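K.L.:
this is the structure alone, sequence omitted:
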């Protein structure tokens, strides 16, 4: 299995531009998570999906952030317009089963730099 | 949400055992104890998890206190590749729904050759 795939691995953009991050979860996994990691705030959960449906988006920082999961094998996280404070590493993770014993598998992350 | 407390950093010598402590005094009966680690420039990686009994796998062992208010991750022989940030996390089970993982600051483990 290729694991969780994220693209791009690095993104540099200018303030005000739209940014789209992409994630392909592990086949057969029914949960998908988006996290953001910064030095100041550590690793934060932004949103997660179950069977392509958003379950909890309380971690999404503001309306500039949106996430979609049109099918079981693809999800996007969009920032529009981007701001310098959005600079961070964004991780996607997926898991199977339900309950507290689930294991999440993380992708390699997308390092976003907003100038 | 139940919180965990870990030392900010620890040091170990290569090929020696490492005991990484975690306190979770407000743990509830349905909370699982998870350990993940994050190597430099990589995403977090699952290490081990448990509920009440001690657990062993190929990566590590997890020792859980009888009252479940603390646990210890044991790396039996540290290697340079084990240098990472180790996160102790309580997974909250919402009665059949996915348990969210809330990452704290973790323990940064340094391994000296």
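P.N.:
It's in. For clarity, every value in this text was computed on a predicted model and none was experimentally measured.
K.L.:
can you give me the strands in chain B?
P.N.:
Using DSSP state E, the strands of chain B run over B:9-13, B:18-23, B:32-38, B:45-50, B:55-56, B:61-64, B:70-75, B:84-91, B:107-112.
K.L.:
now tabulate those strands in TSV and tack on distance to residue A:91 and mean pLDDT.
P.N.:
All C-beta atoms are positioned from the backbone trio N, CA, C, and that covers glycine. As requested, the strands of chain B are exported to TSV (distance: least, C-beta to C-beta, whole Å; pLDDT from 0 to 100):
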stretch	distance to residue A:91	mean pLDDT
strand B:9-13	23	97
strand B:18-23	22	97
strand B:32-38	10	94
strand B:45-50	11	94
strand B:55-56	25	94
strand B:61-64	24	97
strand B:70-75	21	97
strand B:84-91	13	92
strand B:107-112	18	97
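K.L.:
for stretch B:53-73, buried residues please.
P.N.:
B:55, B:60-64, B:68, B:70-73 (16 or more other C-beta atoms under 10 Å in any protein chain shown).
K.L.:
and of those, the nearest to residue B:46?
P.N.:
Taking C-beta to C-beta as the measure, residue B:46 lies nearest residue B:60 of the buried residues of stretch B:53-73, at 10.7 Å.
K.L.:
my guess is the closest one contacts residue B:73, does it?
P.N.:
Yes. Residue B:60 is within contact range of residue B:73, at 5.7 Å (criterion: C-beta atoms under 8 Å).
K.L.:
for those two, list the residues in contact with both.
P.N.:
Common contacts of residue B:60 and residue B:73 (C-beta atoms under 8 Å, 6 or more residues apart in numbering or on different chains): B:35, B:47-48.
K.L.:
now the residue nearest the centre of chain A. Nearest residue, chain neighbours left out?
P.N.:
In chain A, the centroid-proximal residue (C-alpha atoms, centre = their mean) is residue A:34; its distance is 3.0 Å. Distance criterion C-beta to C-beta, 6 or more residues apart in numbering or on different chains; nearest residue to residue A:34, sequence neighbours excluded, is residue A:46 at 4.5 Å.
K.L.:
what about that neighbour, how many neighbours?
P.N.:
Residue neighbour count, defined by other C-beta atoms under 10 Å in any protein chain shown, stands at 19 for residue A:46.
K.L.:
low-confidence ranges in chain A?
P.N.:
A:1, A:98-101 (pLDDT under 70).
K.L.:
show me the strands in it, by range?
P.N.:
Under DSSP E, chain A gives strands at A:5-7, A:10-13, A:19-24, A:31-38, A:42-50, A:53-56, A:65-71, A:74-79, A:88-95, A:105-106, A:110-114.
K.L.:
skipping adjacent residues, who's closest to residue A:72 in space?
P.N.:
residue A:52 (6.1 Å).
K.L.:
surely the one you found touches residue A:70?
P.N.:
Yes. Because the distance of 7.3 Å satisfies C-beta under 8 Å, residue A:52 is recorded as touching residue A:70.
K.L.:
more neighbours: the two, which one.
P.N.:
Between residue A:52 and residue A:70, residue A:52 has the larger neighbour count (other C-beta under 10 Å), namely 15 against 9.
K.L.:
return the residues in contact with residue B:44.
P.N.:
A:43, A:91, A:93, A:104, A:106, B:36-38, B:87, B:103.
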